[in-house]
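Undergrad: would you be able to build a 3D model of this:
(one chain, ligands or ions: 1)
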Amino acid sequence: MKNLELPDAFESARENKGYGHVDDQGDSVTMLLRLKDVRKTAKDWKTFQSGARPGRIVVPSEVSIRETRQIPFEVDPPQHTAYRALVEGWFKRPETEEDYKERVSEIINELVEEAVSLKEIEVVEDFALKLQSRALTLLLNIPYEESETWISWGTHVFRSDDSPVDGDKANILYEYIDAAIDKAIEHPGSDLYSVLLSAEIEGRKLTKEEVKGVMILTFAGGRDTVINAVTNTIAYFAAHPSSLDRLRKEPEITTQAVEELVRYFSPLTHMGRVVTEDTEVCTHAAKADSRVSLCWASANRDAATFENPNEVMLDRKVNPHVAFGFGIHKCLGATHARLILRTLLGILAEKVSSIEVLDFKENVEDWQEFKRKVGYDNLKVKFNKL
Ligand code: EMZ
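TA: Numbering: from 1, shown residues only. Down below sits the predicted model:
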């Protein structure tokens, strides 16, 4: 079946100019499209800040629906360094705790076993969303049953079908987190809320608002991104059954394959920064208080760095992709996401012979000049048992 590829929406603009523009709710954003510029700008946090008004670096902007600052994502150094240090170890647990790895394996095994037993399955809601929410219970160290509530929120906590920024939806998340924080204050446990509430920064305890900021990021940041990555993985193997065979024969390339797939998928199209003083990006003037965005999706197809960028080479050797961002703000959840994807690839190779696509609806982001397919709104498939 055709149309299972993820085309590069930025190629000609990237090669001809290096940037593009998008109007975001009346606030213009200059999108940087070349890997070199994206990396340079991500490193220069003094000129291109993350610590602007909460929600403004996100594109589409969330300023109208969010007042809480996401931590450490919307903070600049020096505070960023202290916050990041506080949470870094917790978010590395997927690498260091054997139990964690086993539980991820169990969660994915169960979903794949179920999928192969069915005549058809809708991947976004019935596979990827469940997988994301169930695995999140491990990252938060919270009882598994809680994932039922998170599954009921759907694929995005701030967006709905009708609106890219949905305040009613956002309020469900805020109220949920406020209640969970209060509960953890009354009955401290070994979950992320309790750990944050007892943590100290610069000789003082975190405030409730700061804890909420970390939790909002944990719920929002790794949601649609993980769902897209999982769904796109299924679509990719459906379109390329020989790649599944290859992974079966060469499991040692799994780690490289995950990096290559996330480069190709780029589950998060871009992330913004706010310019602190008049400057230039890619020989283009950028005024103080304007916004730029670092377009990971475009940078990851930059032929100046990636040979045959539109091809998935599962064992690509040199792969300095920026799918998890770059610099001090690089994705905090990347260890968790990588573990999920590695485990998924291993279990698919072990249990699934092929995947047939029955029907799908593409999820195409509309950035005016650029229409970018980021994944699927729905994807009906049949998993064939090995
Ligand atoms: C923010 C963002 C973080 C934002 C890594 O990205 O993800 C988006 O999906 C959220 O809407 O609030 O968390």
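Undergrad: so which residues on the stretch 151-300 of the chain come close to the ligand?
TA: By C-beta under 6 Å from any ligand atom, the residues of the stretch 151-300 of the chain that approach the ligand are Phe158, Leu217, Ala220, Gly221, Asp224, Leu268. Where you see a C-beta, it was placed from the backbone N, CA and C, and this is true even at glycine.
Undergrad: confirm the second one sits in a strand?
TA: Right, the one you point to is Leu217. No. Counting by DSSP: H, G, I helix; E, B strand; the rest coil, one finds Leu217 to be helix, located in no strand.
Undergrad: residues in contact with it?
TA: Counting by C-beta atoms under 8 Å, 6 or more residues apart in numbering, Leu217 touches Gln70, Ile71, Pro72, Phe73, Leu332.
Undergrad: give the buried residues for stretch 19-29.
TA: Tyr19, Gly20, Val22, Asp24, Asp27, Val29 (16 or more other C-beta atoms under 10 Å).
Undergrad: now tabulate the residues you listed in JSON lines and tack on pLDDT and secondary structure.
TA: Listed next are these as JSON lines, based on pLDDT from 0 to 100; DSSP: H, G, I helix; E, B strand; the rest coil:
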{"residue": "Tyr19", "pLDDT": "97", "secondary structure": "strand"}
{"residue": "Gly20", "pLDDT": "97", "secondary structure": "strand"}
{"residue": "Val22", "pLDDT": "96", "secondary structure": "strand"}
{"residue": "Asp24", "pLDDT": "96", "secondary structure": "strand"}
{"residue": "Asp27", "pLDDT": "94", "secondary structure": "strand"}
{"residue": "Val29", "pLDDT": "97", "secondary structure": "strand"}
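Undergrad: mind checking which of the residues of the stretch 151-300 of the chain next to the ligand are in strands?
TA: Among those, DSSP state E puts none in strands.
Undergrad: three-state assignment of Phe8?
TA: Let me fix one detail, which is that residue 8 is Asp and not Phe. Three-state call for Asp8 (three-state DSSP): coil.
Undergrad: if we ignore the residues flanking it in sequence, what's nearest it?
TA: The shortest distance from Asp8 to any non-neighbouring residue, by C-beta to C-beta, 6 or more residues apart in numbering, is to Arg301 (4.2 Å).
Undergrad: which helix or which strand is home to the one you found?
TA: Arg301 belongs to no helix or strand when elements are defined using DSSP states H and E.
Undergrad: how near is it to Phe48?
TA: Distance of Arg301 to Phe48, given as C-beta to C-beta, to the nearest Å: 22 Å.
Undergrad: check Arg223 too.
TA: 25 Å.
Undergrad: so those two - more neighbours on which side?
TA: Ranked by neighbour count (other C-beta atoms under 10 Å), Arg223 and Phe48 place Phe48 first, with 26 against 22.
Undergrad: can you pull up the bridge partners for that one?
TA: For Phe48, the beta-bridge assignment (DSSP bridges) gives partners Val275.
Undergrad: that one touches Val274, doesn't it?
TA: Yes. Using C-beta atoms under 8 Å, Phe48 makes contact with Val274 at a distance of 7.3 Å.
Undergrad: name the SS class of Ala288, please.
TA: Taking three-state DSSP, the label given to Ala288 is coil.
Undergrad: give me the number of residues near it?
TA: Counted with other C-beta under 10 Å, Ala288 comes out at 11.
Undergrad: show me the residues around it that make contact.
TA: Val275, Thr276, Glu277, Asp278.
Undergrad: look up how far the ligand lies from the first one.
TA: Using C-beta to the nearest ligand atom, to the nearest Å, Val275 is found at 20 Å from the ligand.
Undergrad: state the phi and psi torsions of Glu350.
TA: Per-residue torsions, Glu350: phi -80, psi -30 (degrees, to the nearest 10).
Undergrad: count residues in the vicinity of it, would you?
TA: Neighbour count of Glu350, defined by other C-beta under 10 Å: 13.
Undergrad: at the geometric centre of the chain, which residue do we find?
TA: Of all residues in the chain, the one closest to the mean position by C-alpha atoms, centre = their mean is Thr225, 3.1 Å from it.
Undergrad: and stretch 133-151, how far out from the chain middle?
TA: The chain centroid and the centroid of stretch 133-151 are separated by 17 Å under C-alpha atoms, centre = their mean, to the nearest Å.
Undergrad: check which helices and strands the lowest-mean-pLDDT helix or strand in the chain sits against.
TA: When the helices and strands of the chain are compared on mean pLDDT, DSSP states H and E, strand 284-286 comes out lowest with a mean of 91. Helices and strands touching strand 284-286, by 3 or more C-beta pairs under 8 Å, 6 or more residues apart in numbering; DSSP states H and E, are strand 279-281.
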